[in-house]
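**Student:** Need the 3D shape of this:
(one chain, ligands or ions: 1)
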Amino acid sequence: MPQGELEGCAPPHLLIISGVVIYKITINTTLEERMAVLPEAAERAAWLRDRIRYHNYRYHVLDAPVISDAEYDALMQELRALESQYPELITPDSPTQRVGGAAQERFRKVRHSLPMLSLGNAFNEQDLRAWRDRILRLLGGDEQLAYVVEPKIDGLAISLTYVDGLLTVGATRGDGEIGEDVTANIRTIKSIPLRIPLSGDEQPPARIEVRGEIYLPIAAFEELNERQAAAGERLFANPRNAAAGSLRQLDPTITASRPLRFFAYAIGLVEGKTLRTHWESLGYLQQLGFPVNPDSRRIEDFEEVLAYCQEWMTKRDQLPYEADGVVIKVDSLARQAELGVVGREPRWAIAYKFPAREKTTRLLDVKVNVGRTGKLIPNAVLEPVEIGGVIVKQATLHNFDYVKSRDIRIGDRVIVKRAGDVIPYVVGPVVDIRDGNEQPWVAPTHCPACGEPVEQFDDEVDVYCVNNACPAQLVRTLTHWAAVMDIVGLGEKQAILFVERGMVRSIADLYRLTPESFFGMEGYAEKRIGNLLSAIEASKDRPLARLIAALGIKGVGSVAAEELARNFRSVDELMAASKEQLEAIEGIGPTTAESIVDFFAVPANRQLIADLKELGVRTERKPEESGTQTSDSDALKGLIFVVTGTLPGMTREEAEQLITSCGGKLTGSVSKKTSYLLAGDDPGTTKINKARDLGVPIIGIEDLQRMLQQHSG
Ligand code: IVH
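**Tutor:** Prediction:
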């Protein structure tokens, strides 16, 4: 009965206030009074369960809710209140009964009605073609087979048995013959229906065994590991282990707290329904209310199957879950039966495996790098290991706290992950194979480059060297300056050399260099010196926006710099601006405004501006620059970028500068409109997760450079 019909004619035990049902206190109700309202309460409970099941399906299976969380909670609350007053109304498939029962001591063993098979692997196109040729040969002809391709999620296989529409047993794969009964835990997974089919009008099959994959989305895995690290608990090596660990909890409340998900990919057995193809099975599963991977496809042309595998290998970074390959299945169930099984592997299906993105290797040492802002970043020195076709020798450890909370020790075997173009990082140690020779890493209390004490600010995990004269910082400052001011021939290598030789102690010193400064330097012949000095000379006349961006003020990338150059005619004017004046400018928030004021409050920075002016660097806007436009090309026109993390070989500001100068736009947060998330080292997890959720491609600096090259090529 819809709620509206109840209103206005409320039975005596119900009080309805603006659509909300309140159950009157029943202390003094007699048995007769209870019995009198029971049918109505039962009807209401059935209606509520039906609605909740539908909204649960919209939210957890379709990812398309049609009511707010508050409205959903109100329905649940009402059902709970009703069931606590009339416990006789509780049914096993009631949505209130997902988490129930006490912790168990061990899992009961269950024999699968049909063995749960595994899959043979293919690692390249050749393997896939060989598989196809073999099955065609076995089928004795050159018939046109249709295939179904599905992303292979790296989770764990599960079997769900429904009798007369009710979930009765949920079991792990185990050895394929005998698994473990994890029904209590399975019930806590919201995308798994407790009752099928979705629509109450249809008849459920008398018995059906549904198979599929339980997994933990990447974002949830990362959050879980953060929580584990904070609580000093053991870390999970990957989302699959985390999913398996979460499902094999003896206490279902723990499983319930982990946002496990499910995709159905096969029917083990069904009574009372005839299916002819695998594709039909997937459709039927969907119709019953199971989540089926929306990226599954039926393909008739084998060349397209190969293209799908190729496409998914590159798309895997955009998925919100870890996929380790593509499963290819012969669509016709009759052909499947003909092809049969060898050992534990069906001949009619194969897994095309992506190259591993995670390997274990030895952590040899930890070296600390100093960034331009003085941020100290611990870097793992690794025993070289091949990951996804690249030899990895170093990986980031993010920050000191990361090493400490994960108890990463020198000598440990560590899990290293390299996903897409995101800088490789150490996931954590493999604690079980320690031999006692591992040494805890001691974080430095002094900057490894200049020896000054390091500082940690209250609200930040990062540790900084705050010495402005720190040579490591100076190198970064110079490379940033050179990149933004477009000084060809001055990269990191050269900056290190000039700083080490004492030729350059500040940005201003660059403009004091003369041919004599290079005297006796190997590799610096007259021509090279001439080119470099001309490039430095040419940089004196860059647009004001570039100069502002080149200063490297925290929070001032190319977008903010352009905005500032539009609002102030010179660096002197900008230097004189108050925090309030700055905040009034569009795109400049209070934090950036404060950081600008702080920057110019430092005497050394004011001196730098004075020196630059004296050395002939233009610090004013030219008349034609009003409404500054620094676009060099339109290679990125129409594209919207978000940048996160520290980019290898380029500062964040330089990357931003590059994007805007090629016609691209920058925004601060990832949305549906974002074209690309440019991610570097230590990226923001929120941005990464959001991009994955929305399917926004995550690219590295090399991809960006490739895009620009392709455009110019
Ligand atoms: S079909 C006979 N389909 O891969 C076919 N498996 O090595 C058996 N998996 O244990 C499985 N996604 O856990 C199939 N779309 C998919 C899959 C999938 C992941 C896992 C499954 C199984 C393993 C096979």
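**Student:** can you list the residues of this structure near the ligand?
**Tutor:** Residues of the chain lying close to the ligand by CB under 6 Å from any ligand atom are 117-119, 150, 152-153, 156-157, 173, 213, 265-266, 327, 346, 349, 351. Yep, even glycine has a C-beta here, placed from its N, CA and C like the rest.
**Student:** Narrow the residues you listed to just the buried residues.
**Tutor:** Buried members of these, counted by 16 or more other CB atoms under 10 Å: 117, 119, 150, 152-153, 156-157, 173, 213, 265-266, 327, 346, 349, 351.
**Student:** Can you report how many residues lie near Ala584?
**Tutor:** Counted by other CB atoms under 10 Å, the residues lying close to Ala584 total 12.
**Student:** whoops, I mixed them up, Arg98
**Tutor:** Arg98: 18 neighbours (other CB under 10 Å).
**Student:** First-to-last residue distance for stretch 80-95?
**Tutor:** 9 Å (CA to CA, to the nearest Å).
**Student:** Let's verify the residue in the stretch 301-450 of the chain positioned nearest to the ligand: helix, strand, or coil?
**Tutor:** Nearest residue of the stretch 301-450 of the chain to the ligand, counting by CB to the nearest ligand atom: Val327, 4.1 Å away. What DSSP: H, G, I helix; E, B strand; the rest coil gives for Val327 is strand.
**Student:** and Leu375, what does it touch?
**Tutor:** One correction, residue 375 is Lys, not Leu. Taking CB atoms under 8 Å, 6 or more residues apart in numbering, we find Lys375 in contact with Asp462, Val463, Tyr464.
**Student:** Can you give me the neighbour number for the closest residue to the last one other than its chain neighbours?
**Tutor:** It stands for Tyr464. Once flanking residues are discounted, Tyr464 sits nearest to Gly374: 4.3 Å by CB to CB, 6 or more residues apart in numbering. As a burial measure, Gly374 scores 23 neighbours (other CB under 10 Å).
**Student:** which residues does Gly374 contact?
**Tutor:** Neighbouring residues of Gly374 by CB under 8 Å, 6+ apart: Cys447, Tyr464, Cys465, Val466, Asn467, Cys470, Gln473.
**Student:** partners of the second one in the sheet?
**Tutor:** If I follow you right, that is Tyr464. Assessed by DSSP bridges, Tyr464 has beta-bridge partners Lys375, Glu455.
**Student:** mind checking the end-to-end distance for stretch 386-404?
**Tutor:** Termini of stretch 386-404 sit 26 Å apart (CA to CA).
**Student:** do stretch 639-647 as well
**Tutor:** End to end - CA to CA - stretch 639-647 spans 19 Å.
**Student:** who's in contact with it?
**Tutor:** 371, 377, 422-423, 557, 652, 654-656, 659, 663-670, 673-684, 687-688, 691, 700-701.
**Student:** which helices and strands does the longest helix along the chain pack with?
**Tutor:** Ordering each helix of the chain by length in residues (DSSP state H) puts helix 31-56 first. Applying 3 or more CB pairs under 8 Å, 6 or more residues apart in numbering; DSSP states H and E, we find helix 31-56 packed against helix 69-85.
**Student:** right, and the helix or strand after the helix it packs on?
**Tutor:** Note on helix 69-85: by DSSP states H and E, the next helix or strand toward the C-terminus is strand 109-111.
**Student:** Partner strands of that next one, with direction?
**Tutor:** Assessed with DSSP bridges, strand 109-111 is paired to strand 178-180 (antiparallel).
**Student:** Need the pLDDT of Ile196.
**Tutor:** For Ile196, the pLDDT comes out at 93.
**Student:** Using CSV, list the CA coordinates for stretch 122-133.
**Tutor:** Only the C-alpha atoms of stretch 122-133 are listed here, as CSV (Å, rounded to 0.1, in the frame of the first residue of the first chain):
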residue,chain,number,x,y,z
ALA,A,122,46.8,-16.2,-22.8
PHE,A,123,49.4,-13.5,-22.7
ASN,A,124,49.4,-12.1,-26.2
GLU,A,125,47.6,-12.1,-29.5
GLN,A,126,49.4,-15.2,-30.7
ASP,A,127,48.1,-17.2,-27.7
LEU,A,128,44.6,-16.0,-28.3
ARG,A,129,44.7,-16.9,-32.0
ALA,A,130,46.1,-20.3,-31.1
TRP,A,131,43.2,-20.8,-28.7
ARG,A,132,40.6,-19.8,-31.3
ASP,A,133,42.2,-22.1,-34.0
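**Student:** which residue ranges form the strands in the stretch 551-700 of the chain?
**Tutor:** 640-644, 665-666, 676-679, 698-699 (DSSP state E, counting those that start in this stretch).
**Student:** circling back: what is the nearest of the contacts of Lys375 to the ligand?
**Tutor:** Nearest to the ligand among the contacts of Lys375, with distances taken as CB to the nearest ligand atom, is Asp462, at 38.5 Å.
**Student:** quick one: contacts for that closest one?
**Tutor:** With CB under 8 Å, 6+ apart, Asp462 has these contacts: Lys375, Leu376, Asn399, Gln456.
**Student:** Compare those and tell me which has the most neighbours.
**Tutor:** Comparing the contacts of Asp462 by number of neighbours (other CB under 10 Å), Leu376 comes first, having 23 neighbours.
**Student:** now the longest helix of the chain and helix 69-85, what's the angle there?
**Tutor:** If you take axes from the mean of the first three to the mean of the last three CA atoms, to 10 degrees, helix 31-56 sits at 150 degrees to helix 69-85.
**Student:** Make sure Ile267 is indeed in a strand.
**Tutor:** Yes - counting by three-state DSSP, Ile267 is located in a strand.
**Student:** ok, it - contacts?
**Tutor:** Ile208, Glu209, Val210, Arg211, Leu275, Ser281, Tyr284, Leu285.
**Student:** at 7 Å what do you get?
**Tutor:** Counting by CB atoms under 7 Å, 6 or more residues apart in numbering, Ile267 touches Ile208, Glu209, Val210, Leu275, Ser281, Leu285.
**Student:** May I see the contacts of Asp462 arranged in JSON lines, with distance to Val182 as well?
**Tutor:** Below are the contacts of Asp462 laid out as JSON lines (distance: CB to CB, whole Å):
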{"residue": "Lys375", "distance to Val182": "45"}
{"residue": "Leu376", "distance to Val182": "45"}
{"residue": "Asn399", "distance to Val182": "37"}
{"residue": "Gln456", "distance to Val182": "44"}
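**Student:** Now flag whichever of those is closest to Glu223.
**Tutor:** Taking CB to CB as the measure, Glu223 lies nearest Asn399 of these, at 17.5 Å.
**Student:** re earlier: any idea of the mean pLDDT in the longest helix of the chain?
**Tutor:** 87.
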